[in-house]
Each structure stands twice: as C-alpha cells, then as structure tokens.
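Enquirer: build me a model:
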Amino acid sequence: MDLIIETRSLSDIHPYPNNPRKNDNAVDAVAESIRQCGYIAPIIVDENGVILAGHTRYKALQKLGRSVADVVVKTGLSDEQKRKYRILDNKTAELADRQLQNPQKCVLQSVPAFESER
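Expert: Residues are numbered from 1 along each chain as shown. Coordinates of the predicted model:
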C-alpha cells in the first residue's frame, strides 16, 4: 500500500456517491477557513480519484472557484477497507469533546480576515 502526494484538477477528483456524512452545512465554514488560512489539509483519494476523506474540503474549494487541489492518493486498499475508512473517518470526529457551543462561529469571528495566497 502506497501514499502519493500530488496536485490534481478538481475535475479529476470524484466524490464518493454514498458518502456517509451529509456535509453541505459545513461547506461555508470550511471555505472561509481556506480563504483566511489557505488550503492546508489535502483530500484523500483512492487510485481511481474517488474521495476517501475530504468531501467538505472538495466542495469548499469548488465554492471558492479553485481548479486544483493537493491530494493524497492511497493505493492498495480493498473495497471493504475503503468502506471502513470512510465510516471511521467520519465517526471519529463525532467522538471528540467540544469545549465551545459553536466553535466554528467563535473562531471565525475572532480571526480578522486577510487575503490568502491563491
């Protein structure tokens, strides 16, 4: 199993049609984070360019009008491993404790806007 880091056109990245998380409500917050802080965390795709993790980042990049994204290409996973990874990647975030009632709103309001490099 290998990991490859590369830059790909968003048109060559494909959302997983059965993504277990419905993430449309988070796209604006992630887009604002990318706008203010830059694009930091790559999208993880399989050898066919199908997203394993990073659907919200993908949608946020589209919303921002970006045409490319850094991706980590993970090869060698079975279909069962891909399915498990997608579920676990989404569920583990729900297990973390939150100290703020609305962390996205608090953080975004406390950081002055700046122009990110494009």
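Enquirer: need phi/psi at the residue nearest to residue 63 when sequence neighbours are not counted.
Expert: Among residues not flanking residue 63 along the chain, residue 31 sits closest, at 4.8 Å (CB to CB, 6 or more residues apart in numbering). In short, each C-beta sits where N, CA and C put it, glycine included. Here the main-chain torsion angles of residue 31 (degrees, to the nearest 10) amount to phi -60, psi -40.
Enquirer: pLDDT wise, what is residue 31 at?
Expert: Predicted confidence (pLDDT) for residue 31: 95.
Enquirer: for it, what are its contacts?
Expert: Residue 31 is in contact with 60, 61, 63, 64, counting by CB atoms under 8 Å, 6 or more residues apart in numbering.
Enquirer: pretty sure the first one is touching residue 27, no?
Expert: Going back to what we said before, that points to residue 60. Yes. Applying CB atoms under 8 Å, one finds residue 60 in contact with residue 27, separated by 5.3 Å.
Enquirer: who has more neighbours out of those two?
Expert: Remark: of residue 60 and residue 27, residue 60 carries more neighbours, 24 against 19, as counted by other CB atoms under 10 Å.
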